[in-house]
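1. Based on what follows, work out the 3D shape:
(chains A and B)
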Amino acid sequence: MFRKFNWQIWFSFLLAFAGAITYSFVFVDYPVTRDFPWTALGFFALALGFLFAGFGRAFSVGTRLRSKIAASIVGLLALAVMGLFLFAVLIAARWLPESKGAPQVGQTAPDFTLPDVSNKQVSLSELRTTPIKGKSPKGVLLIFYRGYW
Amino acid sequence: MRGIQKNLDRFEAVGIRPVAISVDTLEETRDLCEKAGYTFTFLSDQKNEAIRSYDLVHQGAGEGGKDIARPAEFLIDPSGIVRWVNLTENYWVRARPEQILEAAEKLE
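-> Alright, predicted model coming up:
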């Protein structure tokens, strides 16, 4: 029974999935592996190898139709995972506004007043002048992030 | 932001105060800070006020077509002048703490 099990095709799916997950949760934290998803591409190359092996096996003479259908579904899912990942990381992630009006080096940063997590109103002018651990600050690092949405 | 938190002591030693801003509500932001263990300042800009004045609105990119901020980092000196900017072209690729610290160390 085990000999009939097309493990290559399942392994291909697993590799595709692992490539996407490990990049998103592990490799994205390290500069070398983040700026371009090399690690995911490595996983995907292996996944494609096993995908071809699995397809070759599923479509060889004497394989039952049910196995052919199952292998096709798993194989397509593996391809879909890889396709979606590459689309999200390489294409959709670049759909950002140009922000031509953003303050540039040498310009004055617009002041603002916003609530912090304890609902206290905080202004940029306070943030950039309030001492840090008793010493006068050298600056504020504003980090704008997308949030949970 | 995990990188900022990890290097918070270094930032503070240089005299830099990190401040994170998004459109999330106070509750969502508080939740995030508790879960992720962030201890620096987080501000809630639900109405895109600061985000708009910095021209960082990403129209309709949030849940249900909500306007949110595009990722960006600014280093501002105590007199309010921008000294360093990072407007990423890919939101997976954010400024690295080392990069920011390097820019921060150049401030007088």
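2. Show me what the biggest strand by length in chain B pairs with in its sheet, parallel or antiparallel.
-> The strand that spans the most residues within chain B, counting by DSSP state E, is strand B:16-22. Each strand that pairs with strand B:16-22, with its direction, by DSSP bridges: strand A:139-144 (parallel), strand B:41-44 (parallel).
3. Go through those strands and name the closest to residue B:59.
-> Smallest distance to residue B:59 across the strands paired with strand B:16-22 (CB to CB): 14.8 Å, for strand A:139-144. (Each C-beta comes from the backbone N, C-alpha and C, glycine too.)
4. Alpha carbons of that closest one, as CSV, please.
-> Extracted in CSV, the C-alpha atoms of strand A:139-144 (Å, rounded to 0.1, in the frame of the first residue of the first chain):
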residue,chain,number,x,y,z
GLY,A,139,15.8,63.0,18.3
VAL,A,140,12.6,61.1,17.6
LEU,A,141,12.3,58.2,15.3
LEU,A,142,8.8,58.2,13.8
ILE,A,143,7.8,54.8,12.6
PHE,A,144,4.6,54.7,10.5
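5. What mean pLDDT does it get?
-> Across strand A:139-144, the average pLDDT comes to 96.
6. just how off-centre is it within its chain?
-> A distance of 24 Å separates the centroid of the chain from that of strand A:139-144, by CA atoms, centre = their mean, to the nearest Å.
7. List of residues touching that strand?
-> A:109, A:124, A:127-128, B:1, B:4, B:11, B:15-22, B:51, B:54, B:56, B:69-78, B:83, B:100, B:104, B:107 (CB atoms under 8 Å, 6 or more residues apart in numbering or on different chains).
8. list the contacts for residue A:97?
-> The contact partners of residue A:97, taken as CB under 8 Å, 6+ apart, are B:55-59, B:70.
9. In CSV: the residues you listed, plus pLDDT and distance to chain A.
-> Putting the contacts of residue A:97 into CSV (pLDDT from 0 to 100; distance: CB to the nearest CB, whole Å) gives the following:
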residue, pLDDT, distance to chain A
B:55, 96, 3
B:56, 96, 5
B:57, 95, 7
B:58, 93, 5
B:59, 90, 7
B:70, 94, 5
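10. Kindly supply the ChimeraX command isolating those of the residues you listed that are buried.
-> Buried members of the contacts of residue A:97, defined by 16 or more other CB atoms under 10 Å in any protein chain shown, are picked up in ChimeraX with:
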select /B:55,56,57,58,70
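11. For the contacts of residue A:97, please prepare JSON lines with the additional fields secondary structure.
-> As requested, the contacts of residue A:97 are arranged in JSON lines below (DSSP: H, G, I helix; E, B strand; the rest coil):
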{"residue": "B:55", "secondary structure": "coil"}
{"residue": "B:56", "secondary structure": "coil"}
{"residue": "B:57", "secondary structure": "strand"}
{"residue": "B:58", "secondary structure": "strand"}
{"residue": "B:59", "secondary structure": "coil"}
{"residue": "B:70", "secondary structure": "coil"}
